[in-house]
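Undergrad: below is the sequence, then the predicted model.
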Number of protein chains: 2
Amino acid sequence: MNEVRRQKIYLKMKDPKEALEIFFKHLRPEPIPDAEELPVHDSPGRVTAGPVFAKISAPHFQSAAMDGVAVRAEDTYGVTERNPKRLKLGQEALWINTGQVMPEEKNAVIMVEKLNQIDEGTIEIESSAFPWQNTRKIGEDFVATELLFPQNHRIRPFDLGTLIGGGVLWVKVRRRPRVSLIRTGSELMDSSSISDVSLLQRGKIIESNSAVLSHLIRECGAEPIVGDIVEDDAEKIKRALLRAMDTEADMVIVLAGSSAGKRDFTAEVIEEIGELLVHGVTIMPGKPTILAEVKGTPFVGIPGYPVSSYIAFNQFVRPFLYRLQGLNVPERQSAPVIASRDIPSKLGIEEFIRVNIGSVGERLVAIPLTRAAGSVTSLSRAEGIIRIPSVSEGIVAGEETKAELLVDPEEIASTIVIIGSHDITLDVLADEMRSADRGVRIASGNVGSLGGLMALQKGTAHVAGSHLLDPETGEYNISYIKRYLKRMPVHVFNLVEREQGLIVRKGNPHKLGGIEDLARGDLRFVNRQQGSGTRVLFDYKLQEMGIDNSRIQGYDNEEYTHMNVAVAVLNGVADAGLGIMAAARALDLEFIPVLKEQYDLVIPSSLVNDWKIELLISAARSEEFKERVKGLGGYNPEKSGVLWKIV
Amino acid sequence: MNEVRRQKIYLKMKDPKEALEIFFKHLRPEPIPDAEELPVHDSPGRVTAGPVFAKISAPHFQSAAMDGVAVRAEDTYGVTERNPKRLKLGQEALWINTGQVMPEEKNAVIMVEKLNQIDEGTIEIESSAFPWQNTRKIGEDFVATELLFPQNHRIRPFDLGTLIGGGVLWVKVRRRPRVSLIRTGSELMDSSSISDVSLLQRGKIIESNSAVLSHLIRECGAEPIVGDIVEDDAEKIKRALLRAMDTEADMVIVLAGSSAGKRDFTAEVIEEIGELLVHGVTIMPGKPTILAEVKGTPFVGIPGYPVSSYIAFNQFVRPFLYRLQGLNVPERQSAPVIASRDIPSKLGIEEFIRVNIGSVGERLVAIPLTRAAGSVTSLSRAEGIIRIPSVSEGIVAGEETKAELLVDPEEIASTIVIIGSHDITLDVLADEMRSADRGVRIASGNVGSLGGLMALQKGTAHVAGSHLLDPETGEYNISYIKRYLKRMPVHVFNLVEREQGLIVRKGNPHKLGGIEDLARGDLRFVNRQQGSGTRVLFDYKLQEMGIDNSRIQGYDNEEYTHMNVAVAVLNGVADAGLGIMAAARALDLEFIPVLKEQYDLVIPSSLVNDWKIELLISAARSEEFKERVKGLGGYNPEKSGVLWKIV
């Protein structure tokens, strides 16, 4: 390992728009000329390879458009109410039903409602018919030889009606573009090779990007070809790239290895066998993207972090694949949103910020999630993505901007935004809200109890989750609400009573008895951030015991959730932290109870009759919720959903 | 056939909203409880049957977040630029790459950019590291046991990253709802039984609704089961309905036969074996819809006309299928549009008007298509659907309303609206515009030449197609433009020179020689509407020959396109009409040339530099277009695309 490090650098980084232009100009994507003829039933989603003409007219015969009798219009001329006429059934008038062929010699239909039957053989009419009245004529919709669809038309389900009506039972469509996916990384394991994930080796990762991209490729109408995993070895990667050319792929994607790190060989291999067009794009996530050409085939090097890979795919692969089918690139649905807080961004970089979105009052509010490209949940838990262009230094709280949606707009209309303190029972509540008759989404932001109250004040949340103890009164939340939510009447509902305690490693190796031991000096503590209920509780306890916080090593080491505190203990960053029992349990850590506290949902009174909020409260009161919460350990759901105060 | 007719009636017709409520209240759709466990790779598009929890944390081991060296942070304390420190490689510092496992005893990474390599065994650092700097900690994204997705979540491609990252390689999803489709109609033929559509019998129809609905059902995430075609026979339909119950379908759709016509047995059969909830809904198209229940299974009777069937499906089947999956019903994308002309509508009926939509200036303009429920092209050629509620008498020209989109919004942005006279070469141009490097859609409305100029004046079209002869000057279009397009400078481009003539039945049975013979008295003529170029031409010719139009039988019988004129002749409604050669050819009719005329594209000068218009003109000038136009017969494309006048 002790070789001299050679440091690689990116080619001059390119702006994403410029990068795409270079790629398109160099490779000139054109609709794939190869066509295949498909039974029309299998054609939806496919793209016509040429103009499609009607083989027969629609309708292709003259028929009755009403139930009634077919007559010769000429036989009815002069007939009026005062001058009715009788017609002989079977001769002058023939019963006919909608859709039936018009008999020879007859050219009009009189509706059954407009005639009187005299006897089995005779009807009487009271008005005259004009030629072709109540009939459908040949070619009324279209005639044989008429253009039904131009080339490069993506066939939709209802287009089958037109095609089949025109006698087109087989249709020529473009071959789907083929995309070869090369997976690189010595740390990667194919999911099919794993029998028990709990035995997964340290340092190994279950490869997932190819699964995600395969489905994204299919969504674009193309076909993925996933190859074996290739180790981080220049020679092996080169062979895999050359092999991919043999699959006659219309595009090759090299997954990971596109960065400028030591084990990133994609760029150098491509330089050897083809032409590197772009290495490095000024987007985040997605910077280490490669655009290249090898023997006429487009190559895209896509970074390995899940979010980076998604963003880079959308920027460069998706438009190319649509172009190969002669289609416009469909834009994703978007909506105007208000930023819930400042979102600073670096000049010169286009940033893609994943956000939760909820409809609060008249506005859609966007709450930014973590920016870490490695956090795949920042994508799967987001409702949208905000782009901050490279010329912008970011968005300020309250500013309106556009978000591309990752969910249907009606999902957002039925999303409750809960901001504030984090509690694991909110996850359970989220699942209950998603059930059968509720169909409501919960988007939650963890900013601590006080942050939640502030969000209500700013109108960027529906509900605040809070457990702020007032040491003076021993009461939870109310004094804080009075101080911070002036002029906003709220209802306060209990969610759970829960146990707070010290989280330590399995077996309690430092033999902690309680908070007093934290001042012993041999322990590293991990604290919660200021404004969180747990921090308020901790400071109160220290004061009560007369312990100066300077005596607590790690007092300034802050984390934002119970889970993060538990993770810090698990990782050995800290020896102890204050948090809830469920967090300790989830990570199989030890828990030393300190006290029971109250966790409430604070809801503006103006919202309590909203259908979503009513469902939320009824879910909190349900036996299902209470049972599941009990199972977590450290919770008492006895008063869940009880309204205990209107402030 | 001579039996006494019994007339059936609808149950009291229901408002669509009320109808849906009755249906839902009676059948109470709930998410299907049956689940199946799928490999995660196959799960996108499916719906989670329960909450999904992480099996492993992500990341599940501590790793380097940068390329560099792993160190103990404690070994670096106190190091500054002025107080650098040397570390022994292989002992105090270990080379590490992004993603690699952190070695035991090391807790921080120093980036390769921030160190100097002194020799093979030594590096020097100039700043201190803090614990866990440049590392990814266990559970940074989520920890084992954490909720990844609630129940009733439709899995998207990028959700696979979260699932696989959480070690979830198999996922429990709801069984897809099964929908049994019963096709009724003695006139129907299954497409698979047809070897040559040109031999299709009069009175027979190739069944297409089941193909359309099957794909719509799949789009909703459900699974269609298509049965054999059933004749219009109450007993046979009853047996088919009962058989459908055996397929364990979650819903049964009976196609056609739902009306109140003589051969419509669905309602009476259902009344016999189940409960008819709704028969007849106040929507158009789609009125003869049936909602019912048979032994606990929802039954929907859907009318046979293609557009009615599509509308009824969206109104009643789609929401039910989503509900069976615990999902909200995604709304279709919509856009605000301006009506290009008055769209009257009947009070008490909710109408679904299919429209072409184009973006003209700042506005989206909607041009209504035919309302005939039998016209499936009114759906496949539309860009959107406008709903006119039952309380409205319609929309007036220029009014803003909402259109549900049938195409992606960017398709509309790249649509050219051509209004005016109809010509078949516009179809060819449309196909050329759709080709490779153009990707532009043409939406055309046939309202005659004058109507086209008026549309330009009103700002509801980009281009007018016109062939208006000025008898005084012998020149085309210019004098009309000057009269009708005051204050709007336009460019006039030639599209084609074409032959106008008399269209008569094959063999010219009435031995017509020219226009003068139309006054013979034994011939029925079909005319074009006032304001059309062909009508102007015809009137001019009559005047020139001194023929009084009262001598032309059928002079007042007006059709709107060349093709409709040809169809009238083919159908025997008329013996002759004036039109273009290509229309006669398309229907294999005879053509008697009368004169050559000029067909122009009139384009506001403000638009000629628009990219779409530039592509249109270049397409009109292309050899491909000219070659195809020549092949149609009766056209001279010599001057296609030539700018011959700026007015």
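TA: Received it, and whenever you're ready, just let me know what you need. Residues are numbered from 1 along each chain as shown, chains lettered A, B, ... in the order given.

Undergrad: please, where are all the helices along the stretch 401-550 of chain A?
TA: Along the stretch 401-550 of chain A, counting by DSSP state H, counting those that start in this stretch, helices occupy A:409-413, A:425-433, A:448-458, A:478-484, A:533-545.

Undergrad: does the first one reach chain B?
TA: It stands for helix A:409-413. Yes. Judged by C-beta under 8 Å from any C-beta of the partner chain, helix A:409-413 comes into contact with chain B at A:Pro409, A:Glu410, A:Glu411. Every C-beta, even on glycine, is put in place using the N, C-alpha and C of the backbone.

Undergrad: got the residues of the stretch 201-350 of chain A near chain B?
TA: Within the stretch 201-350 of chain A, the positions adjacent to chain B are A:202-203, A:205-209, A:211-216, A:219, A:259, A:261-263, A:304, A:306, A:310, A:326-331, A:333 by C-beta under 8 Å from any C-beta.

Undergrad: all strands of the stretch 101-250 of chain A, in order?
TA: Under the criterion DSSP state E, counting those that start in this stretch, the stretch 101-250 of chain A contains strands at A:108-111, A:115-119, A:122-125, A:135-136, A:147-149, A:170-174, A:178-184, A:188-189, A:205-206, A:223-230.

Undergrad: partner strands of the last one, parallel or antiparallel?
TA: In its sheet, strand A:223-230 lies beside strand A:178-184 (parallel), with partners assigned from DSSP bridges.

Undergrad: chain center to the partner strand: distance?
TA: Taking C-alpha atoms, centre = their mean, to the nearest Å, one finds strand A:178-184 lying 24 Å from the centre of the chain it belongs to.

Undergrad: hmm, who's touching it?
TA: Contact partners of strand A:178-184, identified using C-beta atoms under 8 Å, 6 or more residues apart in numbering or on different chains, comprise A:207, A:209-210, A:213-214, A:217, A:222-232, A:237, A:240-241, A:244, A:247-257, A:265-266, A:317, A:321.

Undergrad: next: stretch A:610-619.
TA: Contacts for stretch A:610-619 (C-beta under 8 Å, 6+ apart): A:414, A:416, A:429, A:432-433, A:438, A:440, A:462-463, A:493, A:601, A:603, A:607-608, A:625, A:641, A:643.

Undergrad: who's sitting farthest from the centroid in chain A?
TA: Residue farthest from the centre of chain A, counting by C-alpha atoms, centre = their mean, is A:Asn83 at 70.2 Å.

Undergrad: my read is that one is in a strand, agree?
TA: No. Per DSSP: H, G, I helix; E, B strand; the rest coil, A:Asn83 lies outside any strand segment and is coil.

Undergrad: for it, give me the pLDDT.
TA: pLDDT for A:Asn83: 91.

Undergrad: A:Lys14 now?
TA: With respect to pLDDT, A:Lys14 scores 93.

Undergrad: A:Val4 too?
TA: pLDDT, read off for A:Val4, is 42.

Undergrad: for A:Ala582, same thing?
TA: A:Ala582 carries a pLDDT score of 85 in this model.

Undergrad: what does the one 5 residues further on give?
TA: At A:Leu587, the model reports a pLDDT of 81.

Undergrad: could you do A:Ser195 as well?
TA: Here, the pLDDT recorded for A:Ser195 equals 87.

Undergrad: can you pull the buried residues of stretch A:404-411?
TA: Within stretch A:404-411, the residues scored as buried using 16 or more other C-beta atoms under 10 Å in any protein chain shown are A:Glu404, A:Leu405, A:Leu406, A:Val407, A:Asp408, A:Pro409, A:Glu411.

Undergrad: as a markdown table, those with pLDDT and distance to A:Ala93 would be great.
TA: Below are the buried residues of stretch A:404-411 laid out as a markdown table (pLDDT from 0 to 100; distance: C-beta to C-beta, whole Å):
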| residue | pLDDT | distance to A:Ala93 |
| --- | --- | --- |
| A:Glu404 | 96 | 63 |
| A:Leu405 | 95 | 60 |
| A:Leu406 | 94 | 63 |
| A:Val407 | 91 | 60 |
| A:Asp408 | 87 | 55 |
| A:Pro409 | 87 | 56 |
| A:Glu411 | 86 | 58 |
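
Undergrad: what parts of the stretch 451-600 of chain A come near chain B?
TA: A:Met563, A:Ala566, A:Val567, A:Ala568, A:Leu570, A:Asn571, A:Gly572, A:Val573, A:Arg585, A:Ala586, A:Leu587.

Undergrad: what helix or strand is the third one on?
TA: Here A:Val567 sits within helix A:562-571, counting by DSSP states H and E.

Undergrad: and that helix, what does it pack onto?
TA: Counting contacts by 3 or more C-beta pairs under 8 Å, 6 or more residues apart in numbering or on different chains; DSSP states H and E, helix A:562-571 packs against strand A:490-504, strand A:525-528, strand A:558-559, strand A:576-580, helix A:581-586.

Undergrad: neighbours of A:Glu271, just the number please.
TA: A:Glu271: 13 surrounding residues under other C-beta atoms under 10 Å in any protein chain shown.

Undergrad: A:Glu105 and chain B: what is the separation?
TA: Taking C-beta to the nearest C-beta, to the nearest Å as the measure, A:Glu105 falls 11 Å from chain B.

Undergrad: same question but for A:Asn107, I mixed them up
TA: Distance from A:Asn107 to chain B, counting by C-beta to the nearest C-beta: 8 Å.

Undergrad: list the residues that contact that residue.
TA: Neighbour list for A:Asn107: A:Val71, A:Arg72, A:Ala73, A:Pro131, A:Trp132, A:Thr135, B:Gly572 [criterion: C-beta under 8 Å, 6+ apart].

Undergrad: most neighbours among those, please name it.
TA: A:Val71 (26 neighbours).

Undergrad: show the model's pLDDT score for that one.
TA: 94.

Undergrad: A:Leu11 now?
TA: A:Leu11 carries a pLDDT value of 55.

Undergrad: ditto for A:Arg371
TA: Model confidence at A:Arg371, given as pLDDT, is 87.

Undergrad: just the buried members of the contacts of stretch A:610-619?
TA: A:414, A:416, A:429, A:432-433, A:438, A:440, A:462-463, A:493, A:601, A:603, A:607-608, A:625, A:641.

Undergrad: what is the nearest of the residues of the stretch 451-600 of chain A next to chain B to B:Leu468?
TA: A:Met563 (75.8 Å; C-beta to C-beta).

Undergrad: how near is the nearest residue to that closest one once chain neighbours are set aside to A:Ile22?
TA: Spatially, and ignoring its direct neighbours in sequence, A:Met563 is nearest to A:Ala583 (5.3 Å; C-beta to C-beta, 6 or more residues apart in numbering or on different chains). A:Ala583 is 49 Å from A:Ile22, where distance means C-beta to C-beta, to the nearest Å.

Undergrad: neighbour-wise, which of those two wins?
TA: A:Ala583 (28 against 14).

Undergrad: contacts only, for the residue sitting nearest the centre point of chain A.
TA: By C-alpha atoms, centre = their mean, chain A has its centre lying nearest to A:Leu406, at 3.3 Å. Counting by C-beta under 8 Å, 6+ apart, A:Leu406 makes contact with A:Leu379, A:Ala382, A:Glu383, A:Gly384, A:Ile385, B:Arg156, B:Phe158.

Undergrad: keep only those of those residues that are in helices.
TA: Residues of those located in helices (DSSP state H): A:Leu379.

Undergrad: ok, of the contacts of A:Leu406, which one's closest to A:Met13?
TA: The shortest approach to A:Met13 among the contacts of A:Leu406 belongs to A:Ile385, at 21.3 Å (C-beta to C-beta).

Undergrad: and that closest one, how many neighbours does it have?
TA: With other C-beta under 10 Å as criterion, A:Ile385 counts 25.
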